[in-house]
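Participant: Need a 3D model of the sequence below.
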Amino acid sequence: MRIMTGIIITGHGFFATGIYSAIELIAGPQNHCKTVEFHTQNSFAEFKAKFNQTINELSEFTEIVVLADLLGGTPFNVASEISAGSEKKIVVLGGVNVGMILGLLDVINAGYSSEQVIKEVIETGKSQIAVFRMAQQNPDEFPDEGI
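Facilitator: Presented below is the predicted three-dimensional model:
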């Protein structure tokens, strides 16, 4: 049986729509992916209602993976609270990056369950974090004489 997984990207400000815009540019439109933004004018109750509405929009999916911008932030906490009280399987991840989402798209399109997906997605996200360093040349590679 193929598991059908919906995705919700959430975060502070325009994080969710911004990161989804990057995903759409790289991988094309994703019909199984929705965004939920949390703005300063949203109360906790308003944000929770908007989140529940988005889950209802994904009712055709047997599982939902929520990708939040920040572990322990309001979007993560609301998603976790909803997940804990839901009959639907909802997995919540915090600290998302573009590489994680692209990796998630690859594995859910292959039909894996969320348990199989989570470990892979977290590893992919970690592997996408790096520091650029200029390569240092060995002084022995330069001639002793000038021009």
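Participant: Please name the strands paired to the longest strand belonging to the chain in the sheet, noting orientation.
Facilitator: What stands out as the longest strand in the chain, according to DSSP state E, is strand 5-12. With DSSP bridges as the test, strand 5-12 is paired with strand 33-38 (parallel), strand 63-68 (parallel).
Participant: list the buried ones in it?
Facilitator: Residues 5-12 are the ones in strand 5-12 that count as buried (16 or more other Cβ atoms under 10 Å). No exception for glycine: its C-beta is placed from N, CA and C like everyone else's.
Participant: cool, stretch 73-85 as well?
Facilitator: Applying 16+ other Cβ under 10 Å to stretch 73-85 flags 73-80, 82-83 as buried.
Participant: How about stretch 124-138?
Facilitator: The neighbour-count check on stretch 124-138 (16+ other Cβ under 10 Å) flags 124-125 as buried.
Participant: just how off-centre is it within its chain?
Facilitator: Put simply, stretch 124-138 sits 22 Å off its chain's centre (Cα atoms, centre = their mean, to the nearest Å).
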